[in-house]
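Peer 1: sequence and predicted model, in that order:
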Amino acid sequence: MSISTHVLDAVTGLPAPGVPVRLERAGGVVAEARTDADGRVRDLGLSAAGVHRLIFDTAAVFPDGFYPEVVITFTVTEPDRHHHVPLLLSPFAYSTYRGS
């Protein structure tokens, strides 16, 4: 199983490059990366079934925004499938969904 993410600046409709992202599982860090020029981290590595957390340093995109950090907690129940977890971000709101 692999995990990827994509951060989109919802104000401009453009990718958000350079966003620090950390993947955690069972209280430990699994991987750390920054989004590329297309706002993506294409592979945060392999992981097992269970609860995971993606932590985004959103102050890197909006230093004066309301949310300096966004944490997305999700459960992997199908460890053989790819899991894509996008983040749509603006200074005062964010949303996410399970991508493909």
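Peer 2: Perfect, thanks for sending it. As the structure is a computational prediction, the values presented were derived from the model and not from experiment. Residues are numbered from 1 along each chain as shown.

Peer 1: is it true that Ala59 lies in a helix?
Peer 2: Yes: counting by DSSP: H, G, I helix; E, B strand; the rest coil, Ala59 falls inside a helix.

Peer 1: and the closest residue to it other than its chain neighbours, what does it touch?
Peer 2: Closest residue in space to Ala59, ignoring its immediate chain neighbours: Pro68 at 4.1 Å, by Cβ to Cβ, 6 or more residues apart in numbering. From N, CA and C alone the C-beta is placed, and that goes for glycine too. Neighbouring residues of Pro68 by Cβ atoms under 8 Å, 6 or more residues apart in numbering: 57-59.

Peer 1: quick one: pLDDT of Pro68?
Peer 2: Per-residue confidence (pLDDT) for Pro68: 97.

Peer 1: any idea how far Tyr94 is from it?
Peer 2: Distance of Pro68 to Tyr94, computed by Cβ to Cβ, to the nearest Å: 12 Å.

Peer 1: which residues are common contacts for those two?
Peer 2: Thr58.

Peer 1: how many residues are close by Val71?
Peer 2: Residues lying near Val71 (other Cβ atoms under 10 Å) number 11.

Peer 1: I'd like the distance between it and Phe62.
Peer 2: 16 Å.

Peer 1: now swap in Val85 and tell me
Peer 2: Where Phe62 is concerned, Val85 sits at a distance of 19 Å (Cβ to Cβ).

Peer 1: same deal with Thr73?
Peer 2: From Thr73 to Phe62 the distance is 21 Å (Cβ to Cβ).

Peer 1: also Gly50?
Peer 2: 31 Å.
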